[in-house]
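Asks: Got a predicted structure here, sequence first:
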2 protein chains.
Amino acid sequence: MFEATKVGRQVSKTDFKARIPDLRTELLEVQLQLALHKVPVIIIVSGVQAAGKGEVVDRLNHWLDTRGVQTWAFWDETDEDRERPRYWRFWRNLPPRGEIAVLFGAWYQTPLVHHMAKNAEPAHLDAELSRIEDFERMIIQDGALIVKFWFHMAETDQKRRFDELSRDDRSRWANLPTKSGFSAHYGQFERLAERVVRATDTGIAPWYLVEATDRRYRDLAVGETLLGAMTARLARVGTDPAVHAPSVPILPNLAGARRTLLDSVDMTQTLTDEIYKRRLKTLQSKLNELAWSAYKAKRSTVLVFEGPDAAGKGGAIRRVTDAVDSRLYRTIQIAAPTDEEHAQHYLWRFWHHVPRAGRMTIYDRSWYGRVLVERIEGFATPTQWSRSYYEINEFEEQLSEAGVIVLKFWLNITEDEQLRRFKEREVTPHKQHKITDEDWRNRDKWHAYGAAVNDMVSRTSTQHAPWIVVPSNDKAFARIAVLEAITKALSKALKSGQ
Amino acid sequence: MFEATKVGRQVSKTDFKARIPDLRTELLEVQLQLALHKVPVIIIVSGVQAAGKGEVVDRLNHWLDTRGVQTWAFWDETDEDRERPRYWRFWRNLPPRGEIAVLFGAWYQTPLVHHMAKNAEPAHLDAELSRIEDFERMIIQDGALIVKFWFHMAETDQKRRFDELSRDDRSRWANLPTKSGFSAHYGQFERLAERVVRATDTGIAPWYLVEATDRRYRDLAVGETLLGAMTARLARVGTDPAVHAPSVPILPNLAGARRTLLDSVDMTQTLTDEIYKRRLKTLQSKLNELAWSAYKAKRSTVLVFEGPDAAGKGGAIRRVTDAVDSRLYRTIQIAAPTDEEHAQHYLWRFWHHVPRAGRMTIYDRSWYGRVLVERIEGFATPTQWSRSYYEINEFEEQLSEAGVIVLKFWLNITEDEQLRRFKEREVTPHKQHKITDEDWRNRDKWHAYGAAVNDMVSRTSTQHAPWIVVPSNDKAFARIAVLEAITKALSKALKSGQ
């Protein structure tokens, strides 16, 4: 598939100079328009060695208004990156809406390096490429434009370029801190590249192959292609970037048919005060120890707490945090997004808080807001929330693959019990701030929430990130159940090393 | 001064239990009120070893609404921390307005450890303590409450506590990843601590010494003290936290008296196109090389560009970025703050972007907005902007101490030249987006800006972070002057290792 990049395309100096002023004006104009329409743009620069990727990026920074452009290379991983799931650093560097990020190699770098160096299982590569496809689709459905460039040249041209570079010890090449040495295996790299490019050359995020031998041709091709892609994206502003219809089942609206998973939960379970106190002490002491062991073993934990208002999330979380050294955990309460969060994909802020190696993040409400409150209140369109089950499963799978222990708790209470607690809150001095008119209004949507929880649990309870539905009409019972589930999961993970 | 922490204070179990429910209610109430009034609270927990600092913090997390509390320890520095000036990590962890941060040791940890271990020069300790005083004052003037606890106990009690801890291999103590072993030098540590505590026991941020032998006394003392401090802060809401009057000189409003530094700049300097091109090429090539050398030497660079609208900041910056590999620099354009930035001290967002070791951050407008646009438009009160000269000098001194090369450019143009450029922008297609009504309005304030620039340069041009006033009526001249200043400063710094 790279034949077309070895045909000797070139552009004369005169032609190049004649086109540049207009091209720049047009690029600046479309950049400004996309910024006004809050479209984020991701430009990926990849390809064979010595193709001049750095030169191209410098050129783009020169042509565009750099005040809206951030360039990211991935050769200098920090330990804050290393201590988290692999994609954390990409999430970290995604452009906010209306800005442009130029990414060297991006998420293609690791699979290429990894599979050149280790000749890993072909199946692993396929899995990785399918992850990339999912990731790009997700970002594009959220409104982004992704423009992917692959720079290529014939082996003889590459050799000539290397000779040229090695004669100039001031060159960028001489200074680059890492060089892969793939050029010694031109054929092997090309075969691998073909597989990667082909598998990820999707309709929504196509690859643009650019012959890199002639610098003027290369840069002009990039400029024109980028201009074309940005202009086309601008023309689609206002249309829904997702083409598929939402998959919401239409269910018969009858009492018997409205039965959900939650209706099968035994809500009568309780614990006596004596048993509660004894087990609380034992479990908290055990959890304290396990948290330190996890720290030493560099295993992180993500705990998600969801449930109706007054289900006892705060109390259950406190029984966990009371047991864990305050240097090892962090509680994140999810409220309305800030404007920085709002300028990103909805999963961005949750990625942001993914714990470092050996720590615990407790999410008091979570990304599941997308399929609960956002679904019910209409903050997300059906298209948006219905595709998020897949995105969420993918996110949690990545956490799990990186060794993060993921547990999700749904604290379940009955409608009557909630009423009782609301009334109690209204008369207890230090609980009055917990009850608002909003809480009362939400009670009208009790059944809608039931249906949403039913869908959520059935679509996102996975082996690696199970939902644990906890009967919580009795607070003591709920807290012990939560602590038991956590200590059990931590013990198992630390024992098996899985 | 620690005698009062060795008198055997204690609280009975009954008294403790009797007070706790009310104390909690009152703490939650005042926490809620301070959150509503957007007051950030910093609680510093420090003191001798084995005093149970971790227990106290767990207790605070239990008593307060943890959803507004973040706990930070500083024993696990990352390389992202290490590659920046020392205070970067504290800025990173400051609480946003309305929230609480509990800091173990905070900025007191390093001076204590450093001076215990190395017996460094007493003068260094004094300098460090005066930095702390400045830092705390700055945060408090910005509205924060700082509550500092020092936990202390007699040597015999500490020994007994150690014996107790060493018998329990499940204890937090057994798990702590780092232990300083200062307890072997009780007397020496106490002398040092006294000096540190005394020198930083200011009226606005006093130390609270707490006898830590009896756990109930210790925790109750902390709870009551915190409640008192928070209640007192709440009572001061709405009053200006700064007591000093602004120091704005009242100048005679006459043409001759209005003369500023900028009036002495020779604005007639120009370069021919030929010389410009030749020197541009030489300087850019040199800068490229120097940027890589700085990367290898782990020397960072901070460049600040300020100047009137249309002074040519963008063009000058582009001549710099064109020369530097795009993986080594980052341009930060300063616009209106986001809500996350708004919830912090105004310097916070600039600290946020301080470059990693060996990189360059280019600030297109900067913290000097505080004493330019914010002063002139009244976005900052006179009290606020007038104290910021000191804060800014302190900030830049810290950068410089960490080895960061700091250069600040004021691109100067005349009023007539600005008018000419505004008109030109209106007729040039790819420049039209650069000119707004706002720009025209700002011209009315030309003289006010002149006076502000005069104050700014005279009060913040320092040895370690000089202002370079660049005559910019001729763009070519200005660009070359900027490149020359940068290459000269980089060469010098890299040669001397200073």
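Replies: Looks like it arrived, so ask away. Just so you know, these numbers come straight off a predicted model, no measurement behind them.

Asks: mind showing which ranges of chain A have poor pLDDT?
Replies: The model of chain A has pLDDT under 70 over residues A:118-120, A:168-183, A:240-258, A:430, A:497-498.

Asks: mind redoing it with 50?
Replies: Within chain A, the stretches falling below the threshold (pLDDT under 50) are A:243-247.

Asks: can you give me the strands in it?
Replies: For chain A, the strands defined by DSSP state E cover A:41-47, A:69-72, A:100-104, A:145-152, A:207-211, A:301-306, A:329-333, A:360-364, A:405-412, A:467-471.

Asks: Tabulate the ones you listed (JSON lines), appending distance to residue B:188 and mean neighbour count.
Replies: Just so you know, the C-beta spots here come from the backbone N, C-alpha and C atoms, and that holds for glycine as well. Formatted as JSON lines, the entries for the strands of chain A read as follows, by distance: least, CB to CB, whole Å; neighbours: other CB atoms under 10 Å in any protein chain shown:
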{"stretch": "strand A:41-47", "distance to residue B:188": "57", "mean neighbour count": "24"}
{"stretch": "strand A:69-72", "distance to residue B:188": "48", "mean neighbour count": "22"}
{"stretch": "strand A:100-104", "distance to residue B:188": "52", "mean neighbour count": "23"}
{"stretch": "strand A:145-152", "distance to residue B:188": "61", "mean neighbour count": "23"}
{"stretch": "strand A:207-211", "distance to residue B:188": "66", "mean neighbour count": "20"}
{"stretch": "strand A:301-306", "distance to residue B:188": "40", "mean neighbour count": "24"}
{"stretch": "strand A:329-333", "distance to residue B:188": "35", "mean neighbour count": "20"}
{"stretch": "strand A:360-364", "distance to residue B:188": "37", "mean neighbour count": "22"}
{"stretch": "strand A:405-412", "distance to residue B:188": "44", "mean neighbour count": "22"}
{"stretch": "strand A:467-471", "distance to residue B:188": "52", "mean neighbour count": "20"}
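
Asks: where does the stretch 301-450 of chain A come near chain B, residue by residue?
Replies: By the criterion of CB under 8 Å from any CB of the partner chain, the positions of the stretch 301-450 of chain A lying close to chain B are A:314, A:317-318, A:321-322, A:325-327, A:330-331, A:333, A:338-340, A:356, A:364, A:429-430, A:433.

Asks: among the residues you listed, which ones are buried?
Replies: Burial of these was assessed by neighbour count (16 or more other CB atoms under 10 Å in any protein chain shown); the buried members are A:314, A:317-318, A:321-322, A:325-327, A:330-331, A:338, A:356, A:364, A:430, A:433.

Asks: how about those residues, which pair is most distant?
Replies: When CB to CB is used, the two most widely separated members of these are A:356 and A:430, lying 33.5 Å apart.

Asks: follow-up on the earlier one: how about TSV for the strands of chain A, with distance to residue B:349 added?
Replies: Converted to TSV, the strands of chain A look like this (distance: least, CB to CB, whole Å):
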stretch	distance to residue B:349
strand A:41-47	24
strand A:69-72	15
strand A:100-104	19
strand A:145-152	27
strand A:207-211	36
strand A:301-306	29
strand A:329-333	22
strand A:360-364	24
strand A:405-412	33
strand A:467-471	39
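
Asks: distance of the closest residue to residue A:2 other than its chain neighbours from chain B?
Replies: Counting by CB to CB, 6 or more residues apart in numbering or on different chains, residue A:152 is the residue found nearest to residue A:2 once chain neighbours are left out, at 5.0 Å. From residue A:152 across to chain B, the span is 21 Å (CB to the nearest CB, to the nearest Å).

Asks: what residues are up against the closest residue to residue A:7 other than its chain neighbours?
Replies: Nearest residue to residue A:7, sequence neighbours excluded (CB to CB, 6+ apart): residue A:211, at 6.9 Å. Contacts of residue A:211 were listed using CB atoms under 8 Å, 6 or more residues apart in numbering or on different chains, and they are A:4, A:5, A:6, A:7, A:8, A:9, A:152, A:153, A:217, A:218, A:221.

Asks: repeat for residue A:472
Replies: Shown in contact with residue A:472 (CB under 8 Å, 6+ apart): A:307, A:311, A:312, A:316, A:411, A:412, A:413, A:478.

Asks: Try it again at 7 Å.
Replies: A:307, A:311, A:312, A:411, A:412, A:413, A:478 (CB atoms under 7 Å, 6 or more residues apart in numbering or on different chains).

Asks: Need the max-distance pair from the residues you listed.
Replies: A:312 and A:412 (10.1 Å).

Asks: Which members of the residues of the stretch 301-450 of chain A next to chain B are positioned in helices?
Replies: Counted as lying in helices by DSSP state H, out of these, are A:314, A:317, A:318, A:321, A:339, A:340.

Asks: Now do the contacts for the fourth one.
Replies: Yep, that's residue A:321 we're talking about. Listed by CB under 7 Å, 6+ apart, the contact set of residue A:321 reads A:329, A:331, B:61, B:66.

Asks: Isn't the first one up against residue A:360?
Replies: Yes. Because the distance of 4.2 Å satisfies CB atoms under 7 Å, residue A:329 is recorded as touching residue A:360.

Asks: now the closest residue in space to residue A:322 that isn't next to it in sequence: how far from residue B:482?
Replies: When the adjacent residues along the chain are set aside, residue A:322 lies closest to residue B:62, with 5.6 Å between them (CB to CB, 6+ apart). Using CB to CB, to the nearest Å, one obtains 56 Å as the distance from residue B:62 to residue B:482.

Asks: quick one: which of these two has more around it?
Replies: Set residue B:62 next to residue B:482 and count neighbours by other CB atoms under 10 Å in any protein chain shown: residue B:482 wins out with 26 against 15.

Asks: got the contact list for the more buried one?
Replies: With CB under 7 Å, 6+ apart as the criterion, the residues that contact residue B:482 are B:316, B:320, B:409, B:470.

Asks: Distance from stretch A:422-436 to the middle of the chain?
Replies: With CA atoms, centre = their mean, to the nearest Å as the basis, stretch A:422-436 stands 37 Å off its chain's centre.

Asks: Any idea how many residues pack against residue A:28?
Replies: Summarising burial for residue A:28: neighbours were counted as other CB under 10 Å, giving 19.

Asks: Give me the domain ranges for chain A.
Replies: In the domain annotation for chain A, the residue ranges read A:3-235, A:260-496 (automatic domain parsing).

Asks: Relative to residue B:262, which of those is closest?
Replies: Among these, domain A:3-235 sits nearest to residue B:262 (CB to CB), with 25.5 Å.

Asks: Give me the neighbour count for the residue nearest to residue A:354 when sequence neighbours are not counted.
Replies: Residue nearest to residue A:354 in three dimensions, not counting chain neighbours: residue A:84, with 5.2 Å by CB to CB, 6+ apart. By other CB under 10 Å, the residues close to residue A:84 number 22.
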